[in-house]
Every structure is written in C-alpha cells, then in structure tokens.
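Asks: here is my input, please return the structure:
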Amino acid sequence: MSFSSIRRAYFAILRRLLLLWVRSETIDNTVFDGLRQDLAQVYVLQKPSISDLVVLDNECRKAGLKRPNTRLQAPALEQLSSFFYLRREPDWAGRKTTQHISPTLKKLVQAVESGQIENVQVVPVTVFWGQSPDRETSPWKLLLADSWAVTGRLRRLFQVLILGHKTRVQFSAPIQLAELVAQGKGVERTERMLHRLLRVHFRNSKAAVIGPDLSHRRNLVKALIHEPQVRQRIAEEAQRDGISIEKAQQRALKYGNEIASDYAYTAIRFLEVVLSWFWNKFYDGIKVNNLDGVREVAHGHEIIYVPCHRSHIDYLLMSYLLFTNGLTPPHIAAGINLNMPIIGGLLRRGGAFFMRRTFRGNPLYASVFNEYLHTLFSKGFPVEYFVEGGRSRTGRTLQPKTGMLAITLNSFLRSQRLPIVFIPVYIGYERVLEGRTYLGELRGASKKKESFFDVFRVIAAIRKQRFGHVSVNFGQPLKLTEFMHQQQPNWLHELKHENPATLSPVAQQLATRIAQHINAAAAINPVNLVASALLSTQRLALDENGLTRVINLYLSLLRSVPYSNYTSLPQGDGTSIIHYVRDMQLISEQQDALGRIYYLDEQNAVLMTYYRNNVLHVFALPALLASFFHSNARMTRSQIIELTRALYPYLQAELFTHWALDELDAVIDQWLASFVEHGLLQQDGETYQRPAPSSQHYVLLGLLSRTLLQTLQRFYMAIALLLNKGQNALDAQQLEELCTVMAQRLSILHGLNAPEFFDKSLFRHFIQTLINEGVVQTDTAGKLSYHEKLGSLAESAAKRVLPAEIRLSIRQVTDDEDEAL
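Replies: Presented below is the predicted three-dimensional model:
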C-alpha cells in the first residue's frame, strides 16, 4: 500500500485531531527488545481502521520505533509502506467481504523468495478500545468496549468518541519471513501459510485479552446432553428410575443449567467498576509479582489457575487482576453454596460455574459436570479452581483435594487439543476479610452457612478496620505433559488402556506438586513476620528493640537464602514493619520508663496464628535446624543432615515445602552458612556450635526454633500415644481421635493459643505419612504396628529437637490419659 501526498496530508490532519482526544498505552513493551533495527519491519493490523493506524503510529513514535506510514527502504519494496491490513475493508454494516491475501503480503513474500531482500520482520499489532484498567462508570463505555461482536464503522466512530481515553496496544513477537521461505514450499503456499499464521495469531491474541468467542455459548448446555457419555448416563438413569428418556434428558438439562456459567463481557466490565471501588475503599492496593510468566504461556495453552484459598474475595481478586492486566478472566469453579439470590447470578455472569460438594450417588450429574468442564478445556477457556477445596481457616495450605484434577486428567486423556498449563497462585492478605469469622471458627465455633445478607454484615463490620495490601504472586507454571513424563514416561498409553481408577495416585502426586508450587510463591508480608516473632515467645511479648532485632534477622536470613525465585519479601526494616502492623491494630503496645513493649492480647494472639501459618513453611527448615541446638551445644554436619533427612518427609507432607530429598543437603549447607554469617552458630570445620547461653544470638536462635515447636510436639505426641498403646491396638482413626483429645488437653494445660495444634486433619495426614514412609504398617484389620526400635529412635530424635520439659509433659499427660481409660 502506497501513501500519496494527498493521503499523507489527510492522515496527518486526522492524526492531529484524533490525538487531541485519544490516549493510548502499550500493554507489554518487552517485544521491542526482539526487533532488529537492521532488518525491514512491517506492521500488520487485523482490519482496515484509520483510528487503529493513528494509535499504532502514536505508540511507535513514543517507543522510538519505525513509523507505519514510512516507506520501506529496500529497493524491491520502495513503493510499500511499513504496514498493511490483513483483511479487506468491510462494508458500512460491518460485514466482512471474501477473504483475500493482501497485495503487500504477496510482494513481501515474493521479494524474500527471489532474494531481492534478505528478510522482513512482520509484526502483528492489535488495538483494544475500552481496555484500560482505569475505573469505569459509564454503561455506554461498557457496551462499546472491544468484544467478538462484528464492528461496523458507526460503532467504531462511537468507540473513538466514548472510549478514546481508554485504548491499549499489543505488539506481538515478530514473524521472521525468511524462516517461512526457508521451508521451501513455494511462493503461493508460503503466502497462504503466513496469512493463516496471522489470522490464528490475531484470534489467539484477542482471546488472551478479552476471552474466547462466546457467541455460541447459549447452545452449550443443550449440546452437553447429546455427548456420548452423557447420553449413556441418561439411558442408565431412565432404566434405573423407571422414567422416560425425555424425562431423564430434562433432568440432565436441569443439571447443566445449574452448573454452567453465563459468562457476559458486560458483567466483567461492571465487576471491574465495583471492584475498583472496593480495593480503593478497603485495601491499600494490590501487589502483583511474576505476571510476565503467565503472559508467556497464555498463548497456545489451556490455562488453569490454581490459587490458594484464603477468602471468598479470592474469586473476584483473580478475575479483576487478570482483566486489568490484559488477560482473560477465567471460568471459576465455585461451591453451590455461593449460588445465592443476586450474588449467585452476578458471579455466574462473571464466569463462575457451580458445583455440588459431592457427586456421590449421582452419576448423571457427574457426567454432565465432567462434560461441561471438558468443553471449557477443549474450547480454550481459561479455568480457575481451588485444589484445597474450601477456604483455609487456619492459614495453612490445606491438604489438596483431587476431584477437579482427576476430571482434568480424564479430559486431557480424551483430547490433547491444547496443552494444559497449571498456574499456581499465592494470595497473601495482610488482613483477611473474614478475620472475625475465622477467629470464631479457630476457637471452635461451627462454620456458618453463607447467605446474601452476610455481604452487608461483613461490610458493616469492616468499615473502620485497616486491611493493608494484598499480594498476589504467580508461581512457576506447571505443564501437565512434562509432569506426566516425569512421573510415568509411558503415561499416555498406560492410562488410556487401564482402569480410570489408576488416575487417582497420579492426581494425588499432581495435587501435591501444585500445593508445593503455590507455597513456593509465598508473599511474606509485615503481619506474617510480626506474628511469627511474637508467637515464638513464651509471653507473646517483646520489647521494641528485641522485636526489631528478630524482624531484621528474619529479613536478613530470607534474603541470604531465598525460599524460592517466586517468593517476595516486604520493603522496609524491622522498625517500619512493627509500626505498620501496630497501626493496623493487630498488636498492642505498652510504654514504661524503659521503652515500649509490644504484645498480643487474647483475641489477636489467636488471630495472628492464622498469619503466622501462612508462611510457616518458609521458616520450617531453618527453624528445624535451629531446634537441633536446644539440647545440643555441638553437632557435626553429618549428624545435622542425617537428622534433617529423617524428619523432613513429615514436615514436607504437612507444609508442602518444595525441596526434593536429593536437593536437601545443598539447602542445609546454605542455611548453616547463613547461620554462621549471622552469628547464630559458630563453625569449627565440620562441627557447628551454638552461641553462649548468655548471648543475644542464643536468644535469637531459640526464638527461631520455637517457630516449629508446636509441629514437632504434635509429631512426638502422636508417636508417644502409639507406643503407649502397643502393637496392633489402634487403627488410624482411633489414633487420630486420641491425638486430638490429648492435644486439646495439652493446649489447656500449657495455655497454647494455637487452635490448629489439635486440628484432626494434621494428625490424620501425619499418621498417613508414617504409613507411607514404612515406619508404621497396618494389618488386615487395619490395626497399626511398628518396628520395635521406633521408641528408641523417636526418643533419640525428640531429645535433639524438643526441650526436656516438653517431652516430660507429653509423656506425663499420655500416661495419665492411659490410666484414666
């Protein structure tokens, strides 16, 4: 396409007029780094639009790139401008004419094919109107924002007038034309191949920003009942219940309508308005890390977001964050309990699809749900679900459920149309919205059923509270095919031809890996650090200087040995962090002649266990190493490694730490070196020695070790109870119940403000880990037996990590309980 002088003048005048009103920004300018200045560069816009061309020209000017209306310098291409449109001009009604290959595209291919020019960089560019992350309030702007609807010139005119301030431009990685020509397919086939690549690229690019084409979604539910697996379940249901096929179909259709989302782009835009107000009103902002990794894998993959689940607003936070950063909000698996009047309808239009807590006893419902999820995957809709199942009331990452993962694996075995990538997401709140509710549940209150009026009660309760920041860290993407090849090299053949039940262990391994990836992306905030420090003291109090030293030590240790590349730390030093948490009224202070003392009152002491537990896995390994020096003044490296290797599998099973056993030695060495550097240990060759008991460093080492004290107490107590009852006397459930009762008693006797100390699920999974590790076996009746040396081994390990008074107390309470029974 060549610009005549008249057209150049027309473009210049129009450009001046439009830029008086239009404001644009580039979504991601990292693509610019891959452009070679020594090669010809041609931009491609999807469809003819002078307004899009003006915006492109303006962004190129701001970035210092070659402008689209300049002529190419190569002699063979001197009549061509540096851009072309992929499609022809539509008519005034917006209807697209017959597809054709642009003359400019043809000339570029011919020039490279004939050797007249070495190479051309073809850069696809997409312009989105109405895609700014700024707050939006006008319904007209919501309706006119870019979508998959056919856009005519009149609509584009209104877009420019109404959405001119909210325009975003996406430059994509350049296509090297010489690489396509080098395939030797000839001029015509190369032209068609490039045209097809650009068509697919523009469609994927648009889908990544505003979501897949939803124009046929209204027929999705009806289509579900015609799928072979659903038809089979319908026939079985009709035969089992003695009803007609038509009635069974209506039942399946009802299930489909109950489940399916009613994804509406206008609803997403409306939620953006509401949530922008919410985050500005109650929170100080959202901190986002590692989002570029998501953008890199968004194209050409089926994305499944798997966040940790701390609050009901996790759903809304993720969709809001992805939308405002130019990524498609996902379809979200939500519990049927959230399908409340008004709220449920809004969530459904925002992408939520609802699922019952159990599918047991209803194979037709399960079939419809599985088919619905398979449809989402196969059509490329990003999906979000929580592997923990429900919200964590203790602040820990819960033991993951495998139901949704098993459905995902089954769907992938049916069709590998798009490779699946799991995106783990860690969400860290400085104050969780449901804090008051969790406080009651941590104290033993039963979980309340959600209702519509809870929204107003929560808002009324939180108006005067400060909630600080929310941190959202995207973790290392987990590609399903790579994971499967690691676990089972011939997995595709084996799983396709075996019983579907064989998926269960694979799903469990995948669930564990995802939980580890979530925890590896931990966002450590000021509240986490202060909670960890104060809860490690016997009186839940420290003077200002002491608390400052502990916080500074924790920050320095975590910077010297980062937990992972995806973990983030707060800004500031110990003093600023303490003042920040004090201003949030999560700690109390008392002033005397010697200075300030910071402490936790009874209510906040319980609540702060939640925030400490958020990051307990980060401190688990250094705290374990520190605990070795409770009763041991000196230990060799080999002794430290041997004991750590013996205890680590149980910590990993409970806290989802991400190091494999073969990585552990190197990580231990890093921590020991850091301890020496910070004065917490002294090194003499292969031997490590604790500081003098009268020193400040000895106190700091002791406080660090107490971070893990209650976890180690639970381990010791469970084994003590098992040994006390003897061989084949208890099954796993009986031991679990006995451990829970004993933990509650110890908690009362010793005044422990840690409700998760007697959490049944923690004992359950510890007992299961003992079985998995072969330390404990079950007989045909399910009774537990153990190696005869377990007692001496457990006592030897406990002497290393637990103070003598704690071991004695646990044994006394265990003996007293046995006598009472």
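Asks: when you work out contacts or count neighbours from here on, use the C-alpha atoms and nothing else.
Replies: Noted.
Asks: name the element Lys206 belongs to?
Replies: Using DSSP states H and E, Lys206 sits within helix 187-210.
Asks: do the same with Val506
Replies: helix 503-520.
Asks: in the stretch 451-600 of the chain, which spans are strands?
Replies: Here the stretch 451-600 of the chain has its strands, by DSSP state E, counting those that start in this stretch, at 469-474, 478-479, 541-543, 588-592, 595-599.
Asks: doesn't Gly350 make contact with Ile268?
Replies: Yes - judged on Cα atoms under 8 Å, Ile268 makes contact with Gly350 at a distance of 5.4 Å.
Asks: quick one, which of the two is more surrounded?
Replies: More crowded of Ile268 and Gly350, by other Cα atoms under 10 Å: Gly350, with 27 against 22.
Asks: any idea how far Met318 is from the more buried one?
Replies: 11 Å (Cα to Cα, to the nearest Å).
Asks: please apply the same query to Ile332.
Replies: Taking Cα to Cα, one finds Ile332 at 10 Å from Met318.
Asks: now the spatially most central residue of the chain: phi and psi?
Replies: Against the mean C-alpha coordinate of the chain, by Cα atoms, centre = their mean, the closest residue is Val425 at 1.4 Å. Phi and psi for Val425, reported as degrees, to the nearest 10, are phi -130, psi 130.
Asks: pull the number of nearby residues for the residue lying closest to it once chain neighbours are set aside.
Replies: Sequence neighbours aside, Pro307 is the residue nearest to Val425 in space, at 4.2 Å (criterion: Cα to Cα, 6 or more residues apart in numbering). When neighbours are counted by other Cα under 10 Å, Pro307 registers 27.
Asks: now Glu737
Replies: Neighbour tally, Glu737, other Cα under 10 Å: 15.
Asks: and Gly595, by the same measure?
Replies: Residues near Gly595, counting by other Cα under 10 Å: 10.
Asks: equivalent analysis for Arg714, please.
Replies: 21.
Asks: which residues touch it?
Replies: Ala743, Phe757, Phe763 (Cα atoms under 8 Å, 6 or more residues apart in numbering).
Asks: and those residues, which is the shakiest by pLDDT?
Replies: Within the contacts of Arg714, the minimum per-residue pLDDT falls on Phe757 (77).
Asks: contacts only, for the closest residue to Lys479 other than its chain neighbours.
Replies: Closest residue in space to Lys479, ignoring its immediate chain neighbours: Val421 at 4.4 Å, by Cα to Cα, 6+ apart. Contacts of Val421 were listed using Cα under 8 Å, 6+ apart, and they are Val297, His301, Glu302, Ile303, Ile304, Pro477, Leu478, Lys479, Leu480.
Asks: any idea which of these is closest to Val550?
Replies: Of all these, Pro477 has the smallest distance to Val550: 33.8 Å, by Cα to Cα.
Asks: surely that closest one and Ile423 touch.
Replies: Yes - counting by Cα under 8 Å, Ile423 is a contact partner of Pro477 at 4.8 Å.
Asks: between these two, what contacts are shared?
Replies: Val294.
Asks: and the one helix or strand Glu258 maps to, average pLDDT?
Replies: For Glu258, the host element (DSSP H and E) is helix 245-259. Averaging pLDDT along helix 245-259 gives 92.
Asks: list the buried residues of it.
Replies: Ile245, Ala248, Gln249, Arg251, Ala252, Leu253, Tyr255, Gly256, Asn257, Glu258, Ile259 (16 or more other Cα atoms under 10 Å).
Asks: in CSV, list the residues you listed along with distance to Glu788.
Replies: Listed next are those as CSV, based on distance: Cα to Cα, whole Å:
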residue, distance to Glu788
Ile245, 62
Ala248, 59
Gln249, 60
Arg251, 58
Ala252, 56
Leu253, 59
Tyr255, 55
Gly256, 56
Asn257, 58
Glu258, 56
Ile259, 53
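Asks: now, which of the residues you listed sits nearest Asp592?
Replies: Distances from Asp592 to the buried residues of helix 245-259, taken by Cα to Cα, are shortest for Ile259, at 60.6 Å.
Asks: test my guess that that closest one contacts Phe369.
Replies: Yes - counting by Cα under 8 Å, Ile259 does reach Phe369; the two are 7.0 Å apart.
Asks: and for the two, which residues touch both?
Replies: Common neighbours of Ile259 and Phe369 (Cα under 8 Å, 6+ apart) are Met355.
Asks: counting neighbours, go ahead and name the busier of Ile332 and Met318.
Replies: Ile332 (25 against 19).
Asks: please report the distance of that one from Leu45.
Replies: Between Ile332 and Leu45 the distance is 33 Å, computed by Cα to Cα.
Asks: okay, now the unreliable bits of the stretch 151-300 of the chain?
Replies: 151-166, 207-219, 265-266 (pLDDT under 70).
Asks: all helices of the stretch 451-600 of the chain, in order?
Replies: With DSSP state H, counting those that start in this stretch as the criterion, the stretch 451-600 of the chain has helices at 454-462, 480-487, 491-496, 503-520, 526-534, 544-560, 574-583.
Asks: what's the closest of those helices to Leu600?
Replies: That would be helix 526-534 among those, by Cα to Cα, at 7.5 Å.
Asks: ok, back up a step: do you know which of the helices of the stretch 451-600 of the chain lies nearest Leu409?
Replies: Leu409 lies closest to helix 503-520 among the helices of the stretch 451-600 of the chain, at 7.6 Å (Cα to Cα).
Asks: and the closest one, how far out from the chain's middle?
Replies: Remark: helix 503-520 is offset 13 Å from the chain centroid, using Cα atoms, centre = their mean, to the nearest Å.
Asks: same thing with stretch 399-413?
Replies: With Cα atoms, centre = their mean, you get 17 Å for stretch 399-413.
Asks: out of the contacts of Arg714, which are inside helices?
Replies: Residues of these located in helices (DSSP state H): Ala743, Phe763.
Asks: ok, the contacts of Arg714 vs Met193, which is closest?
Replies: Phe763 (59.7 Å).
Asks: give the burial count for the closest one, as a bare number.
Replies: Phe763 has 26 nearby residues by other Cα under 10 Å.
Asks: what of Pro693?
Replies: Neighbour number of Pro693 under other Cα under 10 Å is 11.
Asks: again, but for Ala520
Replies: 28.
Asks: confidence score at it?
Replies: 97.
Asks: and the contacts of stretch 760-780?
Replies: Outside stretch 760-780, the residues that touch it by Cα under 8 Å, 6+ apart are 649-650, 653-654, 714-715, 718, 728, 731-733, 736-737, 739-740, 784-787, 790.
Asks: again, only this time at 10 Å
Replies: The contact list for stretch 760-780 (Cα atoms under 10 Å, 6 or more residues apart in numbering) reads 398-399, 649-654, 711, 714-715, 717-719, 722, 728, 730-733, 735-741, 743, 756-757, 783-787, 790.
Asks: thinking again about what came up before, give me the helices and strands touching the helix holding Glu258, please.
Replies: The helices and strands touching helix 245-259, judged by 3 or more Cα pairs under 10 Å, 6 or more residues apart in numbering; DSSP states H and E, are helix 220-224, helix 228-241, strand 352-355, helix 363-378.
Asks: please consider this matter closed, and thank you.
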